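J.: Give me a model of this one.
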Amino acid sequence: MNIPRHFLDIKDLSTEDLRDILDRGLAYKRGEAPDGIEKPLAGKSIALVFEKPSTRTRVSFEAGIHQLGGQAIVLEPSGTQLGRGETIADTARVLSRYVDGIMIRTTLVEKLLELADYASVPVINGLTDRTHPCQMMADLMTFEERRGPIAGKRVTWVGDGNNMAATWVHAAVRFGFELWLTCPKGLEPGKKLLKWAQDEGGAVHVTAAVDEAVSGAHCVVTDTWISMGDDVGDSEHRRRLLSPYQVNADTMAKASPDAIFLHCLPAYRGKEVTAEVIDGPQSAVWDEAENRLHAQKGILTWCLRC
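T.: Below you'll find the predicted structure:
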């Protein structure tokens, strides 16, 4: 039996495999079949496990699976034994007898890893509190469609050093671009993550100074100030810390003239980004959202060796 080919984190895959996934996704976006098979998931079922609610992840995976000829089976805690205390390991064992792959959108990364350890089918990380690699593949696709190869370019992350910021660190190492993260004190990415990037030879820099980080950037990225699962009792404190990190016209003016703006959505205009930026000519967020569909087709067919 083949060892399952999981998609758990950007850092776990080689640059060659990540490029293969992107190439597959771009081919599907062009209406081509990378391996000459129009419906590579025909006769296959994929379980989509949601412990966190979703718009883009759910719709893009369901639509992508359908377009590839497969069947999506959506599972939520209230409708499964996961919500009643069944272990992740037992769920993995059972689902592996029914379906050809599992996507999970969850909280703790330990749940994802346990699922992958006990599943005999591929497991895809649809999001954890630590990383969001499916979104990252869509972001990379969007940048390269707009500005060409990302290797050697300068990307700036502005705001909270959250799970998306961590995934940008992974991507900077694997794809060879320079990453600047500008975050308020106390909300920087973890030291262990930054040491990993340093040990891997990544060009990753952290500063509290927005102007320094954004200067000359080819891409400016941000995210919501309060992520799903954050302690809402801490929300006012977080807003005070992050208000100087709003992406606005002045921020974009410091970047390269052809810089694009990315945001994984949902966005809150007037908070982490102004309407002028997200709805303006430098914004690529709608292409970015669409590319979740195409990138995930690449992930699905790579994982299932279609």
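J.: What's the end-to-end length of stretch 77-84?
T.: Here the two ends of stretch 77-84 are set 8 Å apart, with distance taken as C-alpha to C-alpha, to the nearest Å.
J.: Touching it from outside, list them.
T.: In this structure, residues lying in contact with stretch 77-84 by C-beta atoms under 8 Å, 6 or more residues apart in numbering are 49, 50, 51, 75, 76, 86, 88, 91. Yep, even glycine has a C-beta here, placed from its N, CA and C like the rest.
J.: Now do residue 143 against residue 181, distance only.
T.: Residue 143 sits 17 Å away from residue 181 when distances are taken as C-beta to C-beta, to the nearest Å.
J.: any chance you could map the helices in the stretch 151-300 of the chain?
T.: Taking DSSP state H, counting those that start in this stretch as the criterion, the stretch 151-300 of the chain contains helices spanning 163-175, 191-199, 210-214, 235-242, 249-254, 275-278, 285-303.
J.: Identify whichever of these lies nearest to residue 98.
T.: Distances from residue 98 to each of those were compared using C-beta to C-beta; the minimum, 16.7 Å, belongs to helix 285-303.
J.: Helices along the stretch 1-150 of the chain, start to end?
T.: According to DSSP H, counting those that start in this stretch, the stretch 1-150 of the chain carries its helices in the segments 15-29, 56-67, 88-98, 109-118, 133-147.
J.: Quick one: closest of those helices to residue 6.
T.: Across the helices of the stretch 1-150 of the chain, closest to residue 6 is helix 109-118 (C-beta to C-beta), at 5.0 Å.
J.: which outside residues touch that closest one?
T.: If you take C-beta under 8 Å, 6+ apart as the criterion, helix 109-118 is touched by 4, 6, 8, 51, 88-93, 96, 102, 104, 106, 123, 125, 128-131.
J.: hmm, try it at 6 Å
T.: Under the criterion C-beta atoms under 6 Å, 6 or more residues apart in numbering, residues 6, 88, 89, 92, 93, 104, 123, 125, 128, 130 lie in contact with helix 109-118.
J.: Determine which two of those residues are furthest apart.
T.: Taking every pair in the contacts of helix 109-118 and measuring C-beta to C-beta, the maximum separation is 24.3 Å, between 93 and 130.
J.: Mind checking which of these two has more residues around it?
T.: Using other C-beta atoms under 10 Å, the more surrounded residue of residue 93 and residue 130 is residue 130, with 18 against 13.
J.: If you average pLDDT per helix and strand, which one of this protein comes out bottom?
T.: None of the helices or strands of the chain scores lower by mean pLDDT, DSSP states H and E than helix 235-242, at a mean of 91.
J.: Can you tell me how far the residue nearest the centre of the chain is from residue 186?
T.: The residue lying closest to the centre of the chain (C-alpha atoms, centre = their mean) is residue 135, at 2.4 Å. Going from residue 135 to residue 186 by C-beta to C-beta gives 24 Å.
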